[in-house]
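>>> below: sequence and its predicted model.
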Amino acid sequence: MDLAMKDYQRFMMWHMLEQFWVRKDTESGCCTVRWQMPLWACQKRMFPYVPQQKKRWRQKKVVPARLVPVQRDRIPSIGQTRLVHLDLKGAPPKISYLAQVIPLFKKFGATGLLVEYEDMFPYNGELRELAGAHAYSQEEIQQLQELAKEHDMLYVPLVQTFGHFEFVLKHDKFRHLREVDMYPMALCPSNAESLVVVKKMIDQVMAAHPDVKYLHIGADEVFHLALHRTMWSDRQLFLDHIMTVLSYIKVMYPNVKAIMWDDMLRETSMAHLQVVIHHVSASVPLIAYGIGEMVEPMVWCYLPRLSGTFLTGATGSSQYIVPINYHLQNHLAWLAQLDNIPSSLTVQGWALTGWSRYDHYATHCELLPAAIPSLALCLQTVVHGGFTEDCAFHRKVSEELGFSQTIQVQVVPKIKTIAQEGRFPGAKLFQAVHVLVNLDADYIEFLNGDRYTGWMTDYHVRKNFTNPCHLEFIIHVASRLQEEFSKLHREMDSCLSEVYDPSTVEEWLVVHFKSPIDKLSEILGTAKTQIERYSSKNTCSS
């Protein structure tokens, strides 16, 4: 994408906000928009139904993080709310672990939590199928809210109401609500039962959070829309469903403000909005207020040179190492974008998102304990308005997390020095992940190395045409790697079990260890069999 297109997208994003969320004060003429969305965690895929191969980090030039000054006269318009996103649809931490890290969030600048429960919420009654096997109990939900209250932090629950509905639509009971029968991502808004289910979900979540001021309704990345017979366009159908949901919230919970992601609205015109208002205002009078009166947008964009901020997950669906420098640059890009905001708009707050999975079926992204240093630095970058590797808060954050040297921000494709220190909750897991990224790099190097690719191809093995000198080297390296993988597997089993439930531990270990260990076992077995052939021949000849 060329720079001109990027500039156009930036203009369209802010223009959309002015069009839908600018609310003019009749006396002062001032206009405000409530939320801007930089991110803490994960880059979303634009085509989630297309399989992606696991990406390995390649050596590439990375522009050093630099200090981005924020215009002093703009700072008052930047809200001081800083939400940390807890994505519980993958690797949900034990409440006992969250009780240890939430004070750290507060210490480094967080003022609230954005909690995306998905199947970790204890749905009951007609929705009991939605609760996962290891869902939090009602008591744990209450405990989490009390932790936030104890540290004077805002608590914002997130309920998906349109897209990312896999955790609902995967069940046979709700399959008929899919927009496309084969795909479980989005519900069908034309089916009257869809809205019934959404309302019941909202009611149960709100019953467990009677004191919240905000409710996030998701509504991002609805890829399958208006595929059933309908006279409306996909935009009109989207708006109709969302505005009906928002009207329900406004009627049933008048003291609660709704928040939604902005991406599905960026190309929506006022003409589309007027069609929807005209169609449904008779049955739902509150629609006449307009969408800008009913919801506050969270603007997200994950391009490191455009806008958006993240701490984990943004660099790949199976990425387990946290490339801090990449995320810092994303925050810096967002800080720079603040200067492009029209004067009619202000920013109420930030949400630093930490995606644990790309969707309900994907594997894990980075783990929360491995992201604590990234989170701390990114929060401080937002607080101070910039970052350099020699800035004071880089040293201070490193010391407070128990590091004797400043935290490495450039950690891919291989860690230069693995710090065997750190005094924050989950530090051992943070260290183990760094060991794994180096071990994984050695493993990939071995598989792509001259010895293995040059002297032990399938052809050489099938023809029994191998050189024992090179086979001995291959056995030596493969044995060392297998031993190191097995040792680290045992260590990570222990570290993971302190933070996560057994199913999360099992999934993480299988995904990251089974394949290399099995492959190395296969290589060793084949190489040893080839060596034995030569040994038996020598014995016979003697």
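On my side now, so go ahead.

>>> give me the element the residue nearest to G422 when sequence neighbours are not counted is part of.
Closest residue in space to G422, ignoring its immediate chain neighbours: G402 at 4.7 Å, by Cβ to Cβ, 6 or more residues apart in numbering. Where C-beta positions appear, they are placed from N, C-alpha and C, glycine not excepted. Per DSSP states H and E, G402 falls between elements, in no helix or strand.

>>> do I have it right that G402 meets F424?
Yes - between G402 and F424 a contact is recorded at 6.3 Å, counting by Cβ atoms under 8 Å.

>>> between these two, who's got more neighbours?
Between G402 and F424, counting by other Cβ atoms under 10 Å, F424 is the more crowded of the two (17 against 12).

>>> for the nearest residue to the more buried one once chain neighbours are set aside, give me phi and psi.
Closest residue in space to F424, ignoring its immediate chain neighbours: L401 at 4.8 Å, by Cβ to Cβ, 6+ apart. Here is the backbone geometry of L401 (degrees, to the nearest 10): phi -90, psi 0.

>>> L401: what's it in contact with?
I372, P373, A376, I407, G422, R423, F424, A427 (Cβ atoms under 8 Å, 6 or more residues apart in numbering).

>>> give the contact list for the fifth one.
Think G422. G422 neighbours (Cβ under 8 Å, 6+ apart): L401, G402, F403, F430, Q431.

>>> and which of these is nearest to R128?
F430 (36.4 Å; Cβ to Cβ).

>>> okay, now D181: neighbour count?
D181: 10 neighbours (other Cβ under 10 Å).

>>> kindly report the same for P93.
Neighbours around P93, by other Cβ under 10 Å: 23.

>>> repeat for G454
So G454, with other Cβ under 10 Å, has 11 neighbours.

>>> give me the element it is part of.
helix 450-455.

>>> could you give the mean pLDDT of whatever helix or strand comes next after that helix?
Counting by DSSP H and E, the next helix or strand C-terminal to helix 450-455 is helix 458-462. Taken as a whole, helix 458-462 carries a mean pLDDT of 95.

>>> in this structure, where is pLDDT below threshold?
1-78, 224-234, 267-292, 300-315, 343-346, 412-419, 536-542 (pLDDT under 70).

>>> residue nearest the centroid of the protein?
For the chain, the residue sitting closest to the mean C-alpha position, by Cα atoms, centre = their mean, is W355 at 1.5 Å.

>>> do I have it right that it meets D87?
Yes - between W355 and D87 there is a contact under Cβ under 8 Å: 5.2 Å.

>>> which residues in the protein form strands?
Shown for the chain, the strands assigned by DSSP state E span residues 23-24, 31-32, 78-87, 112-116, 154-158, 178-180, 183-187, 214-216, 257-261, 295-298, 310-312, 347-354.

>>> same list, the ones you listed, but as a markdown table with distance to C495 and mean neighbour count please.
Output for the strands of the chain, formatted as a markdown table (distance: least, Cβ to Cβ, whole Å; neighbours: other Cβ atoms under 10 Å):
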| stretch | distance to C495 | mean neighbour count |
| --- | --- | --- |
| strand 23-24 | 49 | 12 |
| strand 31-32 | 45 | 17 |
| strand 78-87 | 20 | 22 |
| strand 112-116 | 24 | 24 |
| strand 154-158 | 28 | 21 |
| strand 178-180 | 39 | 21 |
| strand 183-187 | 33 | 22 |
| strand 214-216 | 31 | 23 |
| strand 257-261 | 33 | 23 |
| strand 295-298 | 33 | 24 |
| strand 310-312 | 17 | 32 |
| strand 347-354 | 19 | 25 |
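
>>> so which of the ones you listed is nearest D442?
For D442, the closest of the strands of the chain is strand 310-312, at 23.5 Å, according to Cβ to Cβ.

>>> hmm, back to that, switch the strands of the chain over to a markdown table; also include distance to L471.
Output for the strands of the chain, formatted as a markdown table (distance: least, Cβ to Cβ, whole Å):
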| stretch | distance to L471 |
| --- | --- |
| strand 23-24 | 73 |
| strand 31-32 | 71 |
| strand 78-87 | 46 |
| strand 112-116 | 51 |
| strand 154-158 | 55 |
| strand 178-180 | 52 |
| strand 183-187 | 48 |
| strand 214-216 | 58 |
| strand 257-261 | 55 |
| strand 295-298 | 57 |
| strand 310-312 | 41 |
| strand 347-354 | 46 |
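
>>> please parse the protein into its domains.
According to automatic domain parsing, the chain comprises the domains 33-43+66-400, 427-541.

>>> most tightly surrounded among those?
Greatest average neighbour count among the domains of the chain goes to domain 33-43+66-400 (a mean of 20), per mean count of other Cβ atoms under 10 Å.

>>> relative to the whole chain's centre, how far out is that domain?
How far domain 33-43+66-400 lies from its chain's middle: 10 Å, per Cα atoms, centre = their mean, to the nearest Å.

>>> which residues touch G426?
So G426 contacts Y97, V101, L367, L368, P369, A370, I372, C495, E498, V499 (Cβ under 8 Å, 6+ apart).

>>> separation between it and P93?
Here the criterion is Cβ to Cβ, to the nearest Å. By it, G426 lies 9 Å from P93.

>>> same thing with I249?
For I249, the distance to P93 - Cβ to Cβ - is 28 Å.
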